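Visitor: output the structure for:
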Amino acid sequence: MSEPILLNVEHDTRYAYSAPVELAQHLAYLRPLEDEHQKLEVFEMGVEPVPAQHA
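Guide: Numbers count the residues shown, from 1 in each chain. The predicted structure is shown next:
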């Protein structure tokens, strides 16, 4: 078995619309996989501006 590797991954998604948007629903799966081959030590997610609704 090889030595463990520690990764720091950052992701940034931005949307730009030509006019104000009253309602747009987006679904994103961003949490890294955790299984017998890799361990997730820390996961943080932020959304700006804060949405009016979220699941």
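Visitor: only C-alpha atoms for contact and neighbour calcs from this point on.
Guide: Fine.
Visitor: pLDDT weak spots in this structure?
Guide: 1, 54-55 (pLDDT under 70).
Visitor: could you look up the SS state of residue 22?
Guide: coil (DSSP: H, G, I helix; E, B strand; the rest coil).
Visitor: what is the burial count for it?
Guide: 5 (other CA atoms under 10 Å).
Visitor: can you check residue 9 too?
Guide: A count of nearby residues for residue 9, using other CA under 10 Å, gives 7.
Visitor: that one sits in which helix or strand?
Guide: Using DSSP states H and E, residue 9 sits in no helix or strand.
Visitor: from residue 51, how far out is it?
Guide: Here residue 9 is placed at a distance of 23 Å from residue 51 (CA to CA, to the nearest Å).
Visitor: relative to residue 42, how far out is the residue nearest the centre of the chain?
Guide: The centre of the chain sits closest to residue 30, judged by CA atoms, centre = their mean, with a distance of 3.6 Å. Using CA to CA, one obtains 13 Å as the distance from residue 30 to residue 42.
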